[in-house]
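**Student:** I'll drop the sequence and a predicted model, then ask my questions.
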Amino acid sequence: MPQFSSAPPPERAGHSLRLLRTPVGKPYTGIITCHDLVGCPTHFYHHRTIPCEDHDCPACEAGYPWRWHGYLSCYAIRSHEHSLFELTAQAVEPIKDYRERHRTLRGCMFEAHRLGTNANGRVIVRCTPADLNSLILPDPPNLIAALCHIWSVPDPSVSTDGLLKDIPRLHIERPADGNGQHINASTKPA
């Protein structure tokens, strides 16, 4: 029998954060809500971005190159949407500089825009401290859990077991094959 109600159920454990990339033709402006970014090597494989599994990686075995992508959570100035934002290693440099100067990314207003009209054109990022006197930022999400949800990596297979330059390392367990080894997706050279 249907169970009707006048309101949706409370939010489940899943993540409702949308993954954004720098749009073409107009800048994206947001305020970072997380304290640090999280990144890992990724492949564009079967028409989507997936994390590199390092050993026994199907994308590596098929000859697809990997690229490092960084992710942060941000609050959009115009739409008031809390989202995940993806950046390449080159675009992250101003974000890293801001983190070194301010010891956190939370409260950093950034603008990202693409040079030219190409959908994969170079991304330029500018960072400044946001005026938070009249704004309450959403709590920072668990970026690793949100990425695993997007990439369909089961949450029980993910753990953070230390820091690599103050960024949690992402571990993806292999399916039960008896050897109990972990694949560290962040050990590839930059």
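**Tutor:** Received it, and whenever you're ready, just let me know what you need.
**Student:** hmm, residue 28 and residue 22 touching each other?
**Tutor:** Yes. If you go by C-beta atoms under 8 Å, residue 22 and residue 28 touch, sitting 5.8 Å apart. Every C-beta, even on glycine, is put in place using the N, C-alpha and C of the backbone.
**Student:** shared neighbours of the two, anything?
**Tutor:** Applying C-beta atoms under 8 Å, 6 or more residues apart in numbering, one finds that residue 22 and residue 28 are jointly contacted by 112, 113.
**Student:** residue contacts, the closest residue to residue 76 other than its chain neighbours?
**Tutor:** Among residues not flanking residue 76 along the chain, residue 30 sits closest, at 5.0 Å (C-beta to C-beta, 6 or more residues apart in numbering). Residue 30 makes contact with 74, 75, 76, 77, 83, 85, 109, 110 under the criterion C-beta under 8 Å, 6+ apart.
**Student:** by neighbour count, which of these wins?
**Tutor:** Neighbour counts for the contacts of residue 30 were taken using other C-beta atoms under 10 Å; the highest belongs to residue 74, with 26 neighbours.
**Student:** tell me the secondary structure of that one, please.
**Tutor:** The local conformation at residue 74, judged by DSSP: H, G, I helix; E, B strand; the rest coil, is strand.
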